[in-house]
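Student: no sequence on this one, just coordinates:
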């Protein structure tokens, strides 16, 4: 099994209308980004590497990483060896890329953006109609291919923290930090799920799909700026549906499952550790953004404690945050062997 790259589709999506910031560039590009977990052998045991694939303007593939916003690349390129590892598909997500005119400190410039969106296939005779929900500069917008225009969504939300497509509807959690989740259906109808009972304001909230379940993950990190990562703790809730009624039910045990929260909101994953021999389970993994090495933290739902992944059994060099390990084991390589493995930088688009 190989890895298929990101696929650009429907490049003729118009830019967000009725806003002078988008007058120069009139189109957006929609991109589908597959995500994979690579399992491979090292001298110290089994290791895992989490990657996504995207497509550059040149048509070449680009490796994406959960630890950065610019991907994994070197000046001479990166070769990914898929023959000596097990490839585990973990789904995909969508982004749109666009340009906008911005002004900062009296300087005006044309700046590129890439934001995660929810992509909804719509029922139609040829199955080609679709809708997109996107958060753009604080506004929640919907585009329907049949209407060919962006519509601003009206509701009590002013901005959002995360969104996900689940069972044909878009779920959006706002910036309140108190479990306020809104549901948008393809007809643009917006409903609200009752907030999490007795919720304190959280540092971050994510929506994570786990098979046929939707999870609301609340993160609490103390400190004036939320920098005390070793004291982080989590609350998890499962969406329960009874007819048209939806509510959040607290859960304190993920059993064999693992939740991984990557860079910003592009890498919200949940999978069964039963498929990964020796893997730690019943935990939430997250990233300490201020760190350079050993950035992954593990919150154990059983002990309610947070530790470094390197200190946990079943987390040996988890997800190859140590790039050197991947090079030494032959999973990654550079066409030019004189390039240092530490000289990894973003290749310009």
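Tutor: Yes, it's here. Since the structure is predicted, the reported quantities are computational estimates derived from the model, not experimental observations. Residues are numbered from 1 along each chain as shown.
Student: So which residues of this structure form helices?
Tutor: Using DSSP state H, the helices found in the chain span residues 323-328.
Student: By mean pLDDT, point me to the weakest helix or strand of it.
Tutor: Evaluated with mean pLDDT, DSSP states H and E, the helix-and-strand set of the chain has its lowest mean pLDDT in helix 323-328, which scores a mean of 54.
Student: gap between residue 191 and residue 244?
Tutor: 9 Å (Cβ to Cβ, to the nearest Å). C-beta coordinates here come from the backbone N, C-alpha and C atoms, glycine included.
Student: do the same with residue 31
Tutor: Using Cβ to Cβ, residue 31 is found at 34 Å from residue 244.
Student: Pick out whichever of those two has more residues nearby.
Tutor: With other Cβ atoms under 10 Å as the criterion, residue 31 and residue 244 differ in neighbour count, and residue 31 comes out ahead with 20 against 6.
Student: Give me the buried positions along stretch 184-195.
Tutor: Of all the residues in stretch 184-195, those buried under the rule 16 or more other Cβ atoms under 10 Å are 184, 186, 190, 193.
Student: Now distance to residue 134 and pLDDT too, for these, in JSON lines please.
Tutor: Putting these into JSON lines (distance: Cβ to Cβ, whole Å; pLDDT from 0 to 100) gives the following:
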{"residue": "184", "distance to residue 134": "11", "pLDDT": "93"}
{"residue": "186", "distance to residue 134": "15", "pLDDT": "88"}
{"residue": "190", "distance to residue 134": "15", "pLDDT": "90"}
{"residue": "193", "distance to residue 134": "21", "pLDDT": "93"}
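Student: Quick check: the residue nearest the centre of the chain vs residue 254, distance?
Tutor: When the chain is reduced to its mean C-alpha position, the closest residue under Cα atoms, centre = their mean turns out to be residue 266, at 1.5 Å. Separation of residue 266 from residue 254 (Cβ to Cβ): 21 Å.
Student: any idea how far the residue lying closest to residue 247 once chain neighbours are set aside is from residue 130?
Tutor: By the measure of Cβ to Cβ, 6 or more residues apart in numbering, the closest residue to residue 247 outside its immediate chain neighbours is residue 240, 5.5 Å from it. Separation of residue 240 from residue 130 (Cβ to Cβ) stands at 29 Å.
Student: which secondary structure elements does the lengthiest strand in the chain contact?
Tutor: Taking residue count as the measure and DSSP state E as the definition, the longest strand of the chain comes out as strand 86-104. Counting contacts by 3 or more Cβ pairs under 8 Å, 6 or more residues apart in numbering; DSSP states H and E, strand 86-104 is packed against strand 27-42, strand 107-121, strand 130-136, strand 268-272.
Student: which residues touch residue 90?
Tutor: Residues counted as contacts of residue 90 (Cβ atoms under 8 Å, 6 or more residues apart in numbering) are 35-37, 50, 269, 271.
Student: Measure how buried residue 277 is and give me the count.
Tutor: Under the criterion other Cβ under 10 Å, the count of neighbours that residue 277 has is 9.
Student: so it touches residue 41, yeah?
Tutor: No - under the criterion of Cβ atoms under 8 Å, residue 277 lies out of contact with residue 41, with a separation of 11.8 Å.
Student: Quick check: which ranges of the stretch 1-150 of the chain have low pLDDT?
Tutor: Per-residue confidence for the stretch 1-150 of the chain (pLDDT under 70) gives these ranges: 1-11, 17-18, 44, 56-60, 68-83, 124-127.
Student: out of residue 240 and residue 130, which sits in the busier spot?
Tutor: Regarding residue 240 and residue 130, a neighbour count based on other Cβ under 10 Å identifies residue 130 as having more, with 19 against 12.
Student: What is the neighbour count of the spatially closest residue to residue 252 that is not a sequence neighbour?
Tutor: The spatial neighbour of residue 252 that comes closest, neighbours along the chain excluded (Cβ to Cβ, 6+ apart), is residue 301 at 6.3 Å. Taking other Cβ under 10 Å as the neighbour definition, residue 301 ends up with a count of 20.
Student: Offset the numbering so it begins at 57, please.
Tutor: In the new count, where the first residue is 57, that last one comes out as residue 357.
Student: returning to what we had before: minimum distance to residue 225: which of the helices and strands packed on strand 142-160 has it?
Tutor: Among the helices and strands packed on strand 142-160, the nearest to residue 225 by Cβ to Cβ is strand 163-177 (8.2 Å).
Student: Distance of residue 246 relative to residue 332?
Tutor: Distance check for residue 246 against residue 332: by Cβ to Cβ, it reads 38 Å.
Student: same check, this time on residue 305
Tutor: Separation of residue 305 from residue 332 (Cβ to Cβ) stands at 27 Å.
Student: Pick out whichever of the two has more residues nearby.
Tutor: More crowded of residue 305 and residue 332, by other Cβ under 10 Å: residue 332, with 19 against 12.
Student: just checking, the more buried one touches residue 104?
Tutor: Yes - the pair residue 332 and residue 104 passes the contact test of Cβ under 8 Å, sitting 7.2 Å apart.
Student: Identify the contacts common to these two.
Tutor: 93, 95.
Student: Leaving out sequence neighbours, find the closest residue to residue 361.
Tutor: Closest residue in space to residue 361, ignoring its immediate chain neighbours: residue 355 at 7.4 Å, by Cβ to Cβ, 6+ apart.
Student: Please name the residues that touch the nearest residue to residue 335 once chain neighbours are set aside.
Tutor: Leaving aside its sequence neighbours, residue 335 sits nearest to residue 329 (Cβ to Cβ, 6+ apart; 4.2 Å). Contact partners of residue 329, counting by Cβ under 8 Å, 6+ apart, are 312-314, 335-337, 370.
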